[in-house]
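Participant: Below is the structure, and that's it, no one-letter string:
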């Protein structure tokens, strides 16, 4: 017994005609008749009662047809399951990101991803860089997005998406506001708005300033780029920050942005646990993120490294 035998029998029952069944199956009427006869010989009983040109299933044929329909329902279920697997239907994707990225690049990527994968549930977790690392390494999240100011986080698989050079932030009326670029030496003695001690940005910036023999006066600290920008706009000091945060906040705040030398290069990167299976779902989302970076972050092109 083959699937062709079953298909021929099923369509003949549905149409009541060998001729119509042959049309639907795109074959000849003799071939359909031969398949039905072979099936009857295999199972050992008549499937149809013939009345002129019409065929009606026998009592045994009706019972057999019921079982055939159950089998085809199962096949249709397999088709549905395959479709869900192919389109990630019913899947879940958990993504972690620093606050700046969660509200920007990540949200835009999720919007695009959901257009193609409407049945996939996406969960966004937002936290500090160290928290994002923990969520990804522990398996709570499938992948993370972070701005890295130094080496790769230990025990993490990192894919760099974009390199950027940090910029100087200046109050609008600052003495350096007319300069085309700001060097580390220009900041000697300046009131400086920095990041908390022990953070990645603070360590990198302090290293560069120290190497240039520059001593600033740290007057305020904040771990949020938005806060740093607001404080600079208020005239409380100068700062150095990644261009993604600076240019986003400059849309709503009044401060100056200038290239900073020597360059402090940071990376926008994808974080994945090295022992986690890299599923098709994760791969598809990564490609969407790359597309968003290429199309939506053109405004930081002057500061790309």
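Facilitator: Happy to help now that I have it. If you're wondering where the values come from, they're calculated on a predicted model, not measured in any experiment.

Participant: Pull up the distance across stretch 130-147, start to finish.
Facilitator: Criterion C-alpha to C-alpha, to the nearest Å; first-to-last residue distance in stretch 130-147 is 11 Å.

Participant: Just the mean pLDDT for that stretch, thanks.
Facilitator: Across stretch 130-147, pLDDT averages out at 87.

Participant: got it, and stretch 101-108?
Facilitator: Mean predicted lDDT for stretch 101-108 stands at 87.

Participant: Can you list the buried residues in that stretch?
Facilitator: Within stretch 101-108, the residues scored as buried using 16 or more other C-beta atoms under 10 Å are 101-102, 104-106, 108. In this view, the C-beta of every residue, glycine as well, is placed from N, C-alpha and C.

Participant: Check stretch 201-220 too.
Facilitator: Neighbour-count burial for stretch 201-220, counted by 16+ other C-beta under 10 Å, picks out 201-202, 204-206, 208-209, 212, 214, 216, 220.

Participant: swap in stretch 274-285?
Facilitator: With the criterion 16+ other C-beta under 10 Å, stretch 274-285 contains buried residues 281-282, 284-285.

Participant: And stretch 233-249, by the same measure?
Facilitator: 233, 237-249.

Participant: and of the buried residues of stretch 201-220, the nearest to residue 35?
Facilitator: residue 201 (73.6 Å; C-beta to C-beta).

Participant: State the distance from the closest one to residue 129.
Facilitator: 9 Å (C-beta to C-beta, to the nearest Å).

Participant: now do residue 203
Facilitator: Taking C-beta to C-beta, one finds residue 203 at 12 Å from residue 129.

Participant: and what of residue 273?
Facilitator: From residue 273 to residue 129 the distance is 16 Å (C-beta to C-beta).

Participant: can you map out the strands along this structure?
Facilitator: With strands called from DSSP state E, the chain shows them at 48-51, 54-57, 92-97, 121-126, 143-148, 157-165, 167-171, 182-183, 191-194, 217-221, 239-241, 255-261, 265-272.

Participant: okay, those in a markdown table with distance to residue 294 next?
Facilitator: Converted to a markdown table, the strands of the chain look like this (distance: least, C-beta to C-beta, whole Å):
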| stretch | distance to residue 294 |
| --- | --- |
| strand 48-51 | 63 |
| strand 54-57 | 61 |
| strand 92-97 | 18 |
| strand 121-126 | 21 |
| strand 143-148 | 15 |
| strand 157-165 | 9 |
| strand 167-171 | 21 |
| strand 182-183 | 29 |
| strand 191-194 | 32 |
| strand 217-221 | 34 |
| strand 239-241 | 23 |
| strand 255-261 | 22 |
| strand 265-272 | 12 |
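
Participant: so which of the ones you listed gets nearest residue 15?
Facilitator: strand 54-57 (8.8 Å).

Participant: Identify each buried residue in the closest one, please.
Facilitator: In strand 54-57, counting by 16+ other C-beta under 10 Å, buried: 55, 57.

Participant: And stretch 119-137, by the same measure?
Facilitator: 120, 122, 124-127, 129, 132-137.

Participant: Over to stretch 290-305?
Facilitator: Of all the residues in stretch 290-305, those buried under the rule 16+ other C-beta under 10 Å are 292-293, 297, 300, 303.

Participant: Is residue 260 in contact with residue 164, as I believe?
Facilitator: No - applying C-beta atoms under 8 Å, one finds residue 260 not in contact with residue 164, separated by 11.4 Å.
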